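Student: Have a look; sequence and predicted model below, questions after that.
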Amino acid sequence: MVRIGAVAYAPYVVTIFEGIKRHFHRQGLELDWVLYSNYDALVTAFVAGEVDLAWNGPLAHVKVRRALTTPCKVVAMRDIDSGYTTEFITQKDAPIQKLTDLRDRRVALGRQGSVQAGLLPYHFLKEAGLRPDADLSCTFHEERPPTDQSDEASVVALVASGEYDAGAVSGVTIRTLRANGRFPEDRVRVFWSSPGYSHCCFTAQPGMDEALARRLTAAFTAMRYDDPEHRAVLDLEHCTAFIPGTPEGFDTLEKAALAEGLIA
């Protein structure tokens, strides 16, 4: 029996994992799942060996990596979780071409707890030689007046309106807004893109048998969007497929999280 741990971030998580459970059963893999109230609780449970797989956010995966003496495995992730990028945007006609051009500018970031729109863009600014708290006027979503938009959509709106000179959002957000006709192409452009990195992932115990790990990867990737039952799960996960996992970019995230004191 393979036991998956996940965070109960929404009521439909039950629908997701019941669908995965039925699919795995048809693949000859007995599976059960358990929900935790937050990612730190899930990390603690995984490190204690209470679950075989953890559906981790990126920072949770980094915390797991640091807590274990033997490397864990990334067996699968959503198609949107590979090659994730952070994009810095500015006005169409702004004279901003690189991160160092943001000195003395107003820069809007997403939620402080967001890897893609908060932590990593802050890290990339520092990597470019800037001190976000001294060299520019930089704010996180929580530090600005409330809005009915998501943190990243509000960043786009603030830059488009000229209230901020630049902002940071994920490539996924830009693609989603474009698909919905809500990205203001006439007013906003991307001027810097980060290297690709991995985002959420299914983390497997380091001691998991390699043959079992391969079967789990095969089962995840066997879910097809043209299958109505599979599509119900994939739509709730905002993706069109599960793919083999990759550890790309987690070293960068770990460095950023250490620098900001988010991990010990």
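Tutor: Received it, and whenever you're ready, just let me know what you need. Numbering: from 1, shown residues only.

Student: that's a helix at Ala54, yeah?
Tutor: No - using DSSP: H, G, I helix; E, B strand; the rest coil, the secondary structure at Ala54 is strand, not a helix.

Student: List the residues that contact it.
Tutor: Contacts for Ala54 (C-beta atoms under 8 Å, 6 or more residues apart in numbering) come out as 4-6, 42-43, 45-46, 60-61, 64, 202-203. (Glycine included, C-beta is placed from N, CA and C.)

Student: could you redo the last one with a cut-off of 10 Å?
Tutor: 3-7, 36, 39, 42-43, 45-47, 60-61, 64, 72, 201-205 (C-beta atoms under 10 Å, 6 or more residues apart in numbering).

Student: repeat for Thr217
Tutor: By C-beta under 10 Å, 6+ apart, the neighbours of Thr217 are 73-76, 202, 204, 242-245.

Student: Next one: it from Thr246, what distance?
Tutor: From Thr217 across to Thr246, the span is 11 Å (C-beta to C-beta, to the nearest Å).

Student: Now do the shared contacts for the two.
Tutor: Both Thr217 and Thr246 are in contact with Val74, where contact means C-beta under 10 Å, 6+ apart.

Student: Does Phe191 belong to a helix, a strand or coil?
Tutor: In three-state terms, and counting by three-state DSSP, Phe191 is strand.

Student: Tell me how many other residues crowd it.
Tutor: 18 (other C-beta atoms under 10 Å).

Student: Ok, Gln116 next?
Tutor: Neighbour count of Gln116, defined by other C-beta under 10 Å: 25.

Student: Kindly report the same for His238.
Tutor: 10.

Student: I'd like to check which residues are in contact with it.
Tutor: Going by C-beta under 10 Å, 6+ apart, His238 touches 78, 80, 172, 176.

Student: now, which of these lie within helices?
Tutor: If you go by DSSP state H, these have 172, 176 in helices.

Student: Just the buried ones from the contacts of Thr217?
Tutor: 73-76, 202, 204, 242-243, 245 (16 or more other C-beta atoms under 10 Å).

Student: Pick the one among the residues you listed closest to Val190.
Tutor: Nearest to Val190 among these is Ile243, at 24.5 Å by C-beta to C-beta.

Student: pLDDT added to the buried ones among the contacts of Thr217, as TSV?
Tutor: Formatted as TSV, the buried ones among the contacts of Thr217 follow (pLDDT from 0 to 100):
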residue	pLDDT
Lys73	94
Val74	97
Val75	98
Ala76	98
Phe202	98
Ala204	98
Phe242	98
Ile243	98
Gly245	97
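
Student: which residue is nearest the centroid of the protein?
Tutor: His199 (3.8 Å; C-alpha atoms, centre = their mean).

Student: Confirm for me that that one is in contact with Val62.
Tutor: No - applying C-beta atoms under 10 Å, one finds His199 not in contact with Val62, separated by 11.5 Å.

Student: got any residues that touch both of those two?
Tutor: Common neighbours of His199 and Val62 are listed as 56, 115, 250, 253 (criterion: C-beta under 10 Å, 6+ apart).

Student: Tell me which of those residues fall in strands.
Tutor: Asn56 (DSSP state E).

Student: Listing request: residues of this structure with sub-threshold pLDDT.
Tutor: Nowhere does the chain drop to pLDDT under 70.
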